[in-house]
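Trainee: Make a model of this:
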Amino acid sequence: MSLPVHTIDVLPGSAQAQKDRVTFANLVGVANSAGGGAGQSVTVAVALALPASYSVMVNPGQDATWYVSGKTTTGFNVTLTPRLAANTLASGTFDVLVHA
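Mentor: Now for the predicted structure:
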């Protein structure tokens, strides 16, 4: 069920993907089956239509850097990489916030 939003202020200079709405998705506990591989790519499937332009933020839940690639209107890839080359990734979950 969607949450109706009545008033939104877009700050000057901000990129606005859609003029008539805000798209927001909070994906908590996305499975990461890295299990020790450095730079393991994790594909996130989003079960809703995304606009052509959107932003993604990731909370990896461990000492790792992340980047997003392959963004489409149906999903994207998240790549987690350990901050230190000697470290490995633990399998588990991470959180994703999508907004447009």
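Trainee: Not counting its own residues, what contacts stretch 7-16?
Mentor: Val22, Ser53 (CB atoms under 8 Å, 6 or more residues apart in numbering). All C-beta spots, glycine's among them, are computed from the backbone N, C-alpha and C.
Trainee: try it again with 7 Å
Mentor: Val22 (CB atoms under 7 Å, 6 or more residues apart in numbering).
Trainee: Give the buried residues for it.
Mentor: With burial defined by 16 or more other CB atoms under 10 Å, not one residue of stretch 7-16 is counted as buried.
Trainee: ok, now stretch 71-80?
Mentor: In stretch 71-80, counting by 16+ other CB under 10 Å, buried: Lys71, Gly75, Phe76, Val78, Thr79, Leu80.
Trainee: Check stretch 58-66 too.
Mentor: For stretch 58-66, by 16+ other CB under 10 Å, it's Val58, Pro60, Gln62, Ala64, Trp66.
Trainee: beta partners of the fourth one?
Mentor: It refers to Ala64. Following DSSP bridges, Ala64 is listed with bridge partners Pro82.
Trainee: my guess is it contacts Thr79, does it?
Mentor: No. With contacts counted by CB atoms under 7 Å, Ala64 stays clear of Thr79, the gap being 9.6 Å.
Trainee: Show the subsequent helix or strand relative to the lowest-mean-pLDDT helix or strand in the chain.
Mentor: Here the helix or strand of the chain ranked lowest by mean pLDDT, DSSP states H and E is strand 41-45, holding a mean of 64. Sequence-wise, the next helix or strand downstream of strand 41-45 (DSSP states H and E) is strand 55-59.
Trainee: That following strand pairs with which strands?
Mentor: strand 92-99 (antiparallel).
Trainee: Can you tell me what sits against the strand it pairs with?
Mentor: Contacts of strand 92-99 (CB under 7 Å, 6+ apart): 22-32, 44, 46, 50, 54-61, 78.
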